[in-house]
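Engineer: here is the input, now give the coordinates:
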Amino acid sequence: MELMKMGYNVSDELIGTFAPIILYWAYSGIYVMLGSLENYRLHTKKDEDEKNLVPKLDVVKGVLLQQAVQSIVATILFAVTGSDESAQAQQTSLVVLIRQFFVAMMVLDTWQYFMHRYMHHNKFLYKYIHSQHHRLIVPYAYGALYNHPVEGLLLDTIGGALSFLISGMSPRTSIFFFSFATLKTVDDHCGLWLPGNLFHLFFRNNSAYHDIHHQLYGNKYNFSQPFFVMWDRILGTYMPYSLEKRVGGGVEARPTKECKDN
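Structural biologist: Sure thing, here's the model as predicted:
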């Protein structure tokens with residue numbers, strides 16, 4: 001992609017590698033600033049500071065490590081697949097773009113659901129790998145990619161590579177897809193329920209849905225991420241919830257009575 005006004009030639013591959021990382025921290029930063037809005041928080045700021053089992057500096061370090069690995073894998077993937085100019089020209093077709101986005105979303109959701117669920121049910125993987133992410137009992141935006149490095153590789157990096165390869169998208173298209181997926185993942189962990197949030201309007205898989213999963217009672221439910229809730233519904237791991245006002249301000253996602261009784 002040529003940035004003519006700046007006089008630079010920046011490749012689609014380079015933008016596709018680093019744009020999601022930049023957006024991750026920029027979008028997370030917005031939610032950090034909005035975190036003082038107690039009336040829209042799913043947990044209090046006090047709970048965020050006291051209930052989580054990992055210092056925020058360690059979370060930042062863990063996320064940066066995962067993003068470094070993702071950058072290396074993306075660079076290798078782009079180098080191996082190469083750049084087909086005629087294929088890129090074809091991507092201007094809206095129908096092709098929609099198809100590739102949908103296929104990539106389905107592949108990523110399917111991979112992450114089954115890997116995520118397996119990491120919860122396999123005691124070894126949960127204890128030594130996935131439990132690291134669940135040190136964030138009260139999720140917040142920039143903790144979205146705080147995982148054990150092995151989980152980051154298996155769940156996110158390989159899942160992203162598969163969605164790229166199977167969908168057949170070009171590096172240019174991948175810029176938009178992975179940027180979108182990154183924003184969605186950050187939003188799911190933001191810990192806020194803001195009115196007018198477009199992600200909440202178009203996706204049932206949202207910050208409240210994923211917050212349920214981070215609580216002890218929802219540990220074996222709501223595995224789906226980052227887009228749809230399809231696999232949870234089909235395979236019986238969907239935990240319905242309601243949003244209720246919390247005493248002292250804010251809202252809380254609570255499982256329905258029927259689910260509690262089961």
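Engineer: quick one: the strands in the chain?
Structural biologist: 2-3, 8-9, 241-245, 251-255 (DSSP state E).
Engineer: same list, those strands, but as a markdown table with mean pLDDT, distance to Pro226 and mean neighbour count please.
Structural biologist: Backbone N, C-alpha and C define where each C-beta goes, glycine included. Below are the strands of the chain laid out as a markdown table (pLDDT from 0 to 100; distance: least, Cβ to Cβ, whole Å; neighbours: other Cβ atoms under 10 Å):
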| stretch | mean pLDDT | distance to Pro226 | mean neighbour count |
| --- | --- | --- | --- |
| strand 2-3 | 46 | 29 | 10 |
| strand 8-9 | 71 | 32 | 10 |
| strand 241-245 | 94 | 18 | 12 |
| strand 251-255 | 94 | 17 | 18 |
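Engineer: nearest to Glu50, of those?
Structural biologist: Taking Cβ to Cβ, strand 251-255 is the member of the strands of the chain nearest to Glu50, at 16.5 Å.
Engineer: circling back to that earlier point, between the strands of the chain, which one is nearest to Ile76?
Structural biologist: By Cβ to Cβ (comparing all of the strands of the chain), the closest turns out to be strand 8-9, at 21.7 Å.
Engineer: what residues of the longest helix along the chain count as buried?
Structural biologist: For the chain, the longest helix by residue count, based on DSSP state H, is helix 94-121. Residues 96-97, 100-101, 104-113, 115-117, 119-120 are the ones in helix 94-121 that count as buried (16 or more other Cβ atoms under 10 Å).
Engineer: one step back: CSV for the strands of the chain, including distance to Ser163?
Structural biologist: Shown next, in CSV, are the strands of the chain (distance: least, Cβ to Cβ, whole Å):
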stretch, distance to Ser163
strand 2-3, 27
strand 8-9, 27
strand 241-245, 28
strand 251-255, 28
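Engineer: these: which one's closest to Leu77?
Structural biologist: Nearest of those to Leu77, taken as Cβ to Cβ: strand 8-9 at 21.0 Å.
Engineer: got the contact list for Gly152?
Structural biologist: 65-66, 69-70, 145 (Cβ atoms under 8 Å, 6 or more residues apart in numbering).
Engineer: quick one, helices of the protein?
Structural biologist: Under DSSP H, the chain gives helices at 12-34, 45-51, 56-81, 85-90, 94-121, 123-128, 149-151, 158-167, 171-188, 198-202, 207-214, 230-234, 257-261.
Engineer: which outside residues touch stretch 69-77?
Structural biologist: Stretch 69-77 is contacted by residues 13, 16-18, 20-21, 149, 152-153, 156-157, 160-161, 164-165 when judged by Cβ under 8 Å, 6+ apart.
Engineer: so which of the contacts of Gly152 is the most crowded?
Structural biologist: The most crowded member of the contacts of Gly152, judged by other Cβ atoms under 10 Å, is Leu145 (25 neighbours).
Engineer: how much space between it and Asp187?
Structural biologist: Distance, Leu145 to Asp187, by Cβ to Cβ, to the nearest Å: 13 Å.
Engineer: save the helices of the chain as CSV, and put in mean pLDDT and distance to Arg246 too.
Structural biologist: Below are the helices of the chain laid out as CSV (pLDDT from 0 to 100; distance: least, Cβ to Cβ, whole Å):
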stretch, mean pLDDT, distance to Arg246
helix 12-34, 97, 17
helix 45-51, 95, 10
helix 56-81, 95, 23
helix 85-90, 48, 50
helix 94-121, 97, 27
helix 123-128, 97, 29
helix 149-151, 97, 31
helix 158-167, 97, 34
helix 171-188, 97, 20
helix 198-202, 94, 18
helix 207-214, 97, 12
helix 230-234, 98, 25
helix 257-261, 52, 18
